[in-house]
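S.K.: Make a model of this:
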Amino acid sequence: MTLSTEDILKNLNENQTKAVTTDAQHALVLAGAGSGKTRVLVHRIAWLISAEFVSPYSILAVTFTNKAAAEMRNRIAFMLKREIRDMWIGTFHGIALKLLQINTEAAGLPKNFQILDSDDQYRLIRRCIADLELDEKQWPPRTVQAFINDKKNDGLRAHEVEDYGDYNNQTLIKVFGHYDDHCQRAGLVDFSEMLLRAHELLLNDEAVLKKYRQRFSHILVDEFQDTNAIQSAFIQLLAGKNNKVLVVGDDDQSIYAWRGAKVEHILEFQTLYPNTAMYKLEQNYRSTQNILDAANGVIANNKKRLGKDLWSAQEKGDLVAVYGSHSEFDEAFFVGETIEGLLSEDARADDIAILYRSNAQSRLLEEALLKRSIPYQIYGGLRFFERLEIKDVLAYARLVNNRHDDIGFERVINTPTRGMGLKTINLIRNYAQMEQSSLWESGKKLLKAGKLSNRAATSLAAFNNLIDELEDNSFSGDDNEQNLASLFTDIIERTALKDHYLKEPPEKAQTRLENLDELINAAEMFEVTDEDLALGLTPLAAFLAQVSLDAGDTTQVNEPHVQLMTLHSAKGLEFPAVFIVGMEQGLFPHQNSMEDHNKLQEERRLAYVGITRAEKKLFLSYATSRRMRGKINACQPSQFLREIPKELIKQMRGNIHPATTYSSHTPIKTPYQSQTQNTNDSPYQLGQTVKHKSFGEGVITDMSGKGDYLQVLVQFNDFGPKVLAVKFAKLEIV
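M.R.: Predicted coordinates:
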């Protein structure tokens, strides 16, 4: 049974129909968020097969994930009522691997070549570092691995990488070359090598290139804005001058530059591929118009874009709720209370998502949900206290608290490496088992008996002294109380954990350090209860007990749960209600991006992605003060908030649009009420917007004193934080 053209085009809108039926040699389908891009790809393939009688054998469809490839294949089969076996549908890596498997000899590979996964590659790189007699401390394998993969993704071999006369770069290139030689001899192919080798195969073998150019007359690529240099070059080479290329993507959702993705590939597509027709999919089937207008308002501030405006046939919907909190605790309280309110109104927990720029922000949000017994899940990641760097620090802390904690001892005895080889550790383990004692005690006994090598004895003695000193230094002040924040800071600095994590690829290292800072914040704010005191617990013992309880509260995995995730992880997902928290200058947009025009544009695209995840309700929040590295800092609302047209905003607290009030709007229903109330018989309150004759408008973020001595900390929109005496400041309430 042949599928009719009417069936193929049924339920497509006008622009989708134009993209599906295009007769242009090349086509760029600029698909906005929620505009049905997968539908266009599926219907385009069905159109080619059923209406233009193109053989499935001549079609190549490339996606970025196996899940997307499987979905596309299933939907095409469902439409055509038959399996399509001859058509190549797969990820870039899957397509490249198939090419190499079919053409092993031409690719310079043995028939039985082996694929290296990331862990296999890591182990081989360690071996290569050892072969070259390099110190892993100076040349961390993860850093070398990232360097090699980045260069391969840029289409470069070791001899093609410029060293600029720099010793560090020269050494990395040397390891790269040695690693490549080993892989070639052993017939090993890592994931980055698949694409590079497939590209080189086409580039260097005219017969193979001619064969596949003749075969694939139609090439379709999904998520083209996410392609890196080698992926884009691979498609361009395969297409040649005669084949037809249709790509689907959205320059406004290009958020993976740190992975090597280049937004320029989609921006310059019409230049690279002459005779290109562009089709804009702007009708959104996901979100209400107010949410889309907010997204349009933000992204319009990016100058480097092809341009489009999302619209919806749905109703206008709720205004965007913006909440100005006076601290990150206030923000977490607001999010928890508001979600509790939504759930009481029959919303499902899995209809709700909380998005943040940095993983470290999850801690207080997790705490707010746990307190309310709201089930939640960290999407694609670990809960705060389950993260590697947090568990490392806590393992040291557990040893400080209890020297007989064998699990803590095993975790950190050689983290970071301190010359304690596996032979020494096994000796301590065996002795502990024989003596029925803890690893700590066994190590001390072996030291005293002189049964360790000089190097191992020196390292173990230094480790023991470190733990003892950490405990001694944690007690300070006249009352000799234990200071948790100082202890954790001391652990991080004196154990060289920070330097240890900095050896990892930059993006991962930054996340780890941000999490360590948040652990110090958690310690700073922890309060020992009367019950803890009655039990005779030290602050550290009480803290570790609470962490264990929180970690053990997994909530029922099978029941609906709120999703917590980074904004990067949210791409491709959608939820009826979305919270985006921490919308402050330096946090979002991130401090590392604010001085770089291109990076700032990517941060704005990330905001656009976050906003367009929301279907019905969108809550944005910022704090006017936030604790960072144990210190309270005044914060400015994110510039992205001010880029949302003010008529779209329901201001729940604070004021991001000076000289504008929202008294004409009906307040959004929320169970939240500030826990901090003014009790000084003053008209001023935390979170209140005020106006000063010289400094203009701002938000009160802190208060102290009473009566004539009352002082307020005001975060002014244009002049930053100022401490003012209320008696003389003559502040006007806005």
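S.K.: can you give me the strands in the stretch 101-250 of the chain?
M.R.: Along the stretch 101-250 of the chain, the stretches classed as strands by DSSP state E, counting those that start in this stretch are 114-116, 188-190, 218-221, 244-249.
S.K.: Mean pLDDT, mean neighbour count and distance to Gln711 added to these, as JSON lines?
M.R.: Heads up, the C-betas are built off the backbone N, CA and C, glycines and all. Formatted as JSON lines, the strands of the stretch 101-250 of the chain follow (pLDDT from 0 to 100; neighbours: other C-beta atoms under 10 Å; distance: least, C-beta to C-beta, whole Å):
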{"stretch": "strand 114-116", "mean pLDDT": "87", "mean neighbour count": "15", "distance to Gln711": "63"}
{"stretch": "strand 188-190", "mean pLDDT": "91", "mean neighbour count": "21", "distance to Gln711": "61"}
{"stretch": "strand 218-221", "mean pLDDT": "98", "mean neighbour count": "23", "distance to Gln711": "60"}
{"stretch": "strand 244-249", "mean pLDDT": "97", "mean neighbour count": "25", "distance to Gln711": "53"}
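S.K.: got CSV for the ones you listed, with distance to Asn275 too?
M.R.: As requested, those are exported to CSV (distance: least, C-beta to C-beta, whole Å):
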stretch, distance to Asn275
strand 114-116, 38
strand 188-190, 36
strand 218-221, 15
strand 244-249, 10
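S.K.: For Ile49, which of those is the nearest?
M.R.: Between Ile49 and the strands of the stretch 101-250 of the chain, the shortest gap by C-beta to C-beta is with strand 218-221, which sits at 9.9 Å.
S.K.: Mean pLDDT per helix and strand in this protein: which one sits at the bottom?
M.R.: When each helix and strand of the chain is scored by mean pLDDT, DSSP states H and E, strand 720-725 comes last, with a mean of 74.
S.K.: With just CA atoms, put it into PDB.
M.R.: In PDB, the C-alpha atoms belonging to strand 720-725 read as follows (Å, rounded to 0.1, in the frame of the first residue of the first chain):
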ATOM      1  CA  GLY A 720      24.800  48.600  44.000                       C
ATOM      2  CA  PRO A 721      24.500  47.900  47.800                       C
ATOM      3  CA  LYS A 722      24.400  50.800  50.300                       C
ATOM      4  CA  VAL A 723      23.900  50.800  54.100                       C
ATOM      5  CA  LEU A 724      21.600  53.600  55.100                       C
ATOM      6  CA  ALA A 725      20.300  55.000  58.400                       C
END
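S.K.: Just checking: what are the partner strands of it?
M.R.: strand 711-716 (antiparallel) (DSSP bridges).
S.K.: Which one of the strands of the stretch 101-250 of the chain lies nearest to Asp499?
M.R.: strand 188-190 (27.5 Å).
S.K.: among the strands of the stretch 101-250 of the chain, which is nearest Pro505?
M.R.: Using C-beta to C-beta, these put strand 188-190 closest to Pro505, at 15.5 Å.
S.K.: Each with direction, which strands does the closest one pair with?
M.R.: strand 114-116 (parallel).
S.K.: what about the stretch 1-150 of the chain, any weak spots by pLDDT?
M.R.: 1-2 (pLDDT under 70).
S.K.: how does it look with 50?
M.R.: By pLDDT under 50, the stretch 1-150 of the chain has no low-scoring segment.
S.K.: circling back: let me know the next secondary structure element after the least confident helix or strand of the chain.
M.R.: Per DSSP states H and E, the first helix or strand lying C-terminal to strand 720-725 is helix 726-729.
S.K.: I'd like the mean pLDDT over that following helix, please.
M.R.: Mean pLDDT, computed over helix 726-729, is 82.
S.K.: That one: how far from the chain's middle?
M.R.: Relative to its chain's centre, helix 726-729 lies at 45 Å (C-alpha atoms, centre = their mean, to the nearest Å).
S.K.: Note down every partner strand of whichever helix or strand comes after it and its orientation.
M.R.: Note on helix 726-729: by DSSP H and E, the next helix or strand toward the C-terminus is strand 732-733. Strand 732-733 has the following sheet partners, assigned by DSSP bridges: strand 689-692 (antiparallel).
S.K.: List of residues touching the very next helix or strand once past the strand it pairs with?
M.R.: Counting by DSSP H and E, the next helix or strand C-terminal to strand 689-692 is strand 696-704. For strand 696-704, contacts defined as C-beta atoms under 8 Å, 6 or more residues apart in numbering pick out 324, 326-327, 624-625, 634, 654-655, 658-659, 678, 680, 684-692, 710-719, 721-722, 734.
S.K.: same question, stretch 219-228
M.R.: Taking C-beta under 8 Å, 6+ apart as the rule, stretch 219-228 contacts 37-38, 41, 44-45, 59-64, 68, 72, 153-154, 235, 238-239, 243-251, 253-254, 256, 259-263, 265-266, 269.
S.K.: let's see it at 7 Å
M.R.: Residues from elsewhere that reach stretch 219-228 (C-beta atoms under 7 Å, 6 or more residues apart in numbering): 41, 44-45, 60-64, 68, 153, 235, 238-239, 243, 245-251, 253-254, 256, 260-263, 265-266.
S.K.: and if you look at stretch 486-494?
M.R.: With C-beta under 7 Å, 6+ apart as the test, stretch 486-494 has contacts from 393, 396-397, 466, 470, 473-474, 476, 498, 516, 519-520, 523, 540.
S.K.: For Gln231, give its distance to Ala198.
M.R.: 10 Å (C-beta to C-beta, to the nearest Å).
S.K.: do Thr417 as well
M.R.: 38 Å.
S.K.: Quick check on the two: which one has the bigger neighbour count.
M.R.: Set side by side, Thr417 and Ala198 show more neighbours around Ala198, with 26 against 12, by other C-beta atoms under 10 Å.
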